[in-house]
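> Requesting a structural model of the entry that follows:
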Amino acid sequence: MRIAPRVGFCAVAVLWLFPGLGAAQTPGPAPGRSLTLAEARALARRQSPDLEAARQSAAAAAGRERQAGAWLNPTLSYGREQVSGGGLTNAQDIVSLEQPLELGGQRGARRESASFALAAAEARVALAEAQVDWEVARLYATAVASERRATLAEEAVAAFDRAVRTSEARLAGGDVSGYQHRRLALEAARYAGARLEARMARDTALQGLASLMGFSDSTAAVPSLQLVDTLLPDPLTVTLDSLLALALAWRPELLGARLEAEAGAADADLAAAERVPTPVLSGGYKAEEISGVGRLEGYVAGISIPLPLWDRRAGAVSAARAEADRRVSATAAIRRQTALLVRATFNAHQALAGELALLARQLGPDADMVRGAAAAAFAEGEMSLLEWLDAVRAYQEAESTYAMLWAEYIARRAALERATGASLF
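As a prediction, this is how the structure comes out:
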């Protein structure tokens, strides 16, 4: 398959997806910023507000984890009592320190819940990163394929311009009918429309890509982007079972849901532990002055225990257990969806790879030579208009189909990356 140089906004190449299927030409030099897929992903990660929000959520969860391990603060109190009567005076000064004691394991349950919540927040960071990587790859491939389609349509428009001039000369000489000449002009207009549609799709993808990378004016940034990545992934060497195992272990959505379920179970344990009364120990110093007796000194000690008579936390425990069960069910649903997603994406990816391989064998220098020979034969009057139109349409449709299938192939490969956490490019 031959790749034409970049015309317009970006330099792109639709190359063979598998080694040995053929050789591709590299795009010609063009002004602007060269941008590979890896560079686009790195820029998008740095500029993504969703990813930054996920990072801040993880930072907040880390703070809550630290706070969950804190002991309850003691209370320092001072009191003075003074009474007098009948010429006598009695005064007491009491200084005491009170310390609540969580004997039901509340502190440990809080720490465990906060630890799982932090791990879940970190999994959401990984999910945001995977989402950014997938979106960048999808838009990058769409821009590349749309540029290829625009180039193909441009070539077709140029060929039809030459054909229309030839047809005008033949029409003047009576060698072609008016219907054939109008049919040729109509086909030229159709390919001009296809060129416009491809350019619009390319610009839309490039604007989305520029926006993901943080350009404040994505429209103005489009002309400076030069997409140069070959996007030539090797054939998948891992099996479907291996990809399923990776996804079930590392898919960010599933990992986050699993950790949220663990946090929910810890919250239920915490709610149950909070039913245990938290006693408060107190101890301190007491000084008493009695008229006619003098000053007396000693210590004070005590313990207070809340009585769970009215509030036994039954509702809180029931709610926490129900929430934990809900998270477990949600995790099971995501696990099932993960298996279905990986199977469907893998099968589509492999089907696209097979179709691209079939198309690749029909395209390339040989197909280009056939197209050139058909154009020459039509120009010399050795091929009818309908035969030439069929030849042009077959070539254009095959090349355009290859470009669109290739973009979908790249998107499916990126989707497998997102689902499994593996690097597949």
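> Report how many residues lie close to the residue nearest to Ala407 when sequence neighbours are not counted.
Once flanking residues are discounted, Ala407 sits nearest to Ala145: 3.6 Å by C-beta to C-beta, 6 or more residues apart in numbering. For glycine as for every other residue, the C-beta is placed from the backbone atoms N, C-alpha and C. With neighbours defined by other C-beta atoms under 10 Å, the count for Ala145 comes to 28.
> Which strands or helices does the helix or strand encompassing Glu155 pack on?
According to DSSP states H and E, Glu155 maps onto helix 106-173. In terms of contacts (3 or more C-beta pairs under 8 Å, 6 or more residues apart in numbering; DSSP states H and E), helix 106-173 is packed against helix 37-47, helix 49-68, helix 178-212, strand 225-227, helix 252-273, helix 365-379, helix 385-420.
> between these, which one is nearest to Gln82?
Gln82 sits nearest to helix 49-68 of all the helices and strands packed on helix 106-173, at 41.8 Å, using C-beta to C-beta.
> Tell me how many other residues crowd Phe425.
16.
> Ramachandran coordinates for Arg335?
Main-chain dihedrals, Arg335, degrees, to the nearest 10: phi -60, psi -40.
> So it is in contact with Glu253, correct?
No. Counting by C-beta atoms under 8 Å, Arg335 does not reach Glu253; the two are 9.8 Å apart.
> More neighbours: which of the two?
Neighbour comparison, Arg335 and Glu253: the larger count goes to Glu253, with 22 against 16 (by other C-beta under 10 Å).
> what mean pLDDT does the longest strand along the chain have?
If you go by DSSP state E, the chain has its longest strand at strand 88-100. Averaging pLDDT along strand 88-100 gives 92.
> Tell me how far the residue nearest to Ala407 lies from Ala357.
17 Å (C-beta to C-beta, to the nearest Å).
> State the distance from Gln56 to Glu260.
Distance from Gln56 to Glu260, by C-beta to C-beta: 18 Å.
> Apologies, that question was intended for Leu340.
Distance of Leu340 to Glu260, given as C-beta to C-beta: 21 Å.
> ok, those two, which is more surrounded?
Between Leu340 and Glu260, counted using other C-beta under 10 Å, the more crowded position is Glu260 (23 against 9).
> If I follow the layout properly, that one ends up in contact with Ala120?
Yes. Glu260 lies in contact with Ala120 (C-beta under 8 Å); the separation is 4.8 Å.
> isn't Gln207 right next to Ala220, touching?
No. With contact defined as C-beta under 8 Å, Gln207 does not count as touching Ala220 (9.7 Å).
> of these two, who's got more company?
A direct count of neighbours by other C-beta under 10 Å for Gln207 and Ala220 places Gln207 higher, at 20 against 11.
> how about the strands in the stretch 201-350 of the chain?
For the stretch 201-350 of the chain, strands defined by DSSP state E, counting those that start in this stretch occupy the ranges 225-227, 280-290, 294-304.
> now the first one, how far from the chain's geometric center?
Looking back up the chat, that one is strand 225-227. On the basis of C-alpha atoms, centre = their mean, to the nearest Å, strand 225-227 sits 22 Å off its chain's mean C-alpha point.
> Who does that strand pair with, and is each partner parallel or antiparallel?
Strands that pair with strand 225-227, judged by DSSP bridges, come out as strand 33-35 (parallel).
> Could you do the second one as well?
Strands that pair with strand 280-290, judged by DSSP bridges, come out as strand 88-100 (antiparallel), strand 294-304 (antiparallel).
> can you give me how far that strand is from the chain middle?
Worked out by C-alpha atoms, centre = their mean, strand 280-290 lies 63 Å from the chain centre.
> pLDDT (mean, whole number) over it?
Rounded mean pLDDT across strand 280-290 is 92.
> And the contacts of that strand?
Under the criterion C-beta atoms under 8 Å, 6 or more residues apart in numbering, residues 77, 88-101, 295-305 lie in contact with strand 280-290.
> nearest residue to Arg33 other than its sequence neighbours?
Nearest residue to Arg33, sequence neighbours excluded (C-beta to C-beta, 6+ apart): Ser224, at 5.1 Å.
> Roughly how far does the one you found sit from Val95?
Counting by C-beta to C-beta, the gap from Ser224 to Val95 is 74 Å.
> So Leu248 versus Phe425, what's the distance?
From Leu248 to Phe425 the distance is 22 Å (C-beta to C-beta).
> got any ranges where the stretch 151-300 of the chain has weak pLDDT?
Within the stretch 151-300 of the chain, the stretches with pLDDT under 70 are 175-176, 218.
> May I see the buried residues of stretch 409-422?
By neighbour count with 16 or more other C-beta atoms under 10 Å, stretch 409-422 contains the buried residues 409-421.
> Low-confidence ranges, the stretch 1-150 of the chain, go.
1-32.
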